[in-house]
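Q: From the sequence below, what's the structure:
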Amino acid sequence: MPLIHLPVQSGSNKILNQMNRKHTINEYLEIFEKLKKINSKIKFSSDFIIGYPGEDEEDFKKTFELIEKIKFINSYSFIFSPRPGTVAANLELIDRKISMNRLEKIQNLLFDNQISMNKSLENKTLNVLVENLTENEAQVFGRTEYMTPVVFEGKKCDVGKIIPVKIKKSNRSSLLGEVINKLNQKVA
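A: Numbers count the residues shown, from 1 in each chain. Below is the predicted model:
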């Protein structure tokens, strides 16, 4: 599958070290480059912890720049919250307003990446694995090979099948399409 979830947590080696992560940004980028050479269509998702104790503007900037470079298409980002019993539980927290501001900037960039990816899929035919019927039971919900949600007209018997779907429209979080048959004609 051309989607890999490769958690990085931060774009700053200083913060990665404080988190006791066992990788550096250079090692992460080496893995990224190797995988892109194997499959140029590969896309990435990740996890980001924003506002880790000790994160300064330079550390945040490095995370932002990493997101711009990799262009993650689907990621999870959240503000650091201390876990009882961990070393980080006793560290001094960053001001909540600063953390919230940084999280908003990161999420806006990640959303822009999602919108770009989804827009690039419009007018393309994708194989969609159908997961279930929608509430109105006139449409089905499935996912592309990039795990992007797709909604289109379908039936209960489509669940569990991989169906070619032409993408007509997109938004930040999902795609809207229509089923086509193997001759690229609409299914009645």
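Q: Show me where this protein has its strands.
A: 3-5, 43-50, 74-79, 125-133, 139-143, 149-153, 162-170, 175-179 (DSSP state E).
Q: Let me have these in a markdown table, adding mean neighbour count and mean pLDDT as columns.
A: Just so you know, the C-beta spots here come from the backbone N, C-alpha and C atoms, and that holds for glycine as well. Putting those into a markdown table (neighbours: other C-beta atoms under 10 Å; pLDDT from 0 to 100) gives the following:
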| stretch | mean neighbour count | mean pLDDT |
| --- | --- | --- |
| strand 3-5 | 15 | 94 |
| strand 43-50 | 21 | 96 |
| strand 74-79 | 17 | 93 |
| strand 125-133 | 17 | 95 |
| strand 139-143 | 20 | 95 |
| strand 149-153 | 18 | 95 |
| strand 162-170 | 18 | 96 |
| strand 175-179 | 20 | 95 |
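Q: Could you dump those into JSON lines with distance to residue 96 added?
A: Putting the strands of the chain into JSON lines (distance: least, C-beta to C-beta, whole Å) gives the following:
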{"stretch": "strand 3-5", "distance to residue 96": "28"}
{"stretch": "strand 43-50", "distance to residue 96": "11"}
{"stretch": "strand 74-79", "distance to residue 96": "8"}
{"stretch": "strand 125-133", "distance to residue 96": "37"}
{"stretch": "strand 139-143", "distance to residue 96": "35"}
{"stretch": "strand 149-153", "distance to residue 96": "32"}
{"stretch": "strand 162-170", "distance to residue 96": "34"}
{"stretch": "strand 175-179", "distance to residue 96": "36"}
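Q: between these, which one is nearest to residue 35?
A: strand 3-5 (6.5 Å; C-beta to C-beta).
Q: Could you list every helix and strand in contact with that closest one?
A: strand 43-50 (3 or more C-beta pairs under 8 Å, 6 or more residues apart in numbering; DSSP states H and E).
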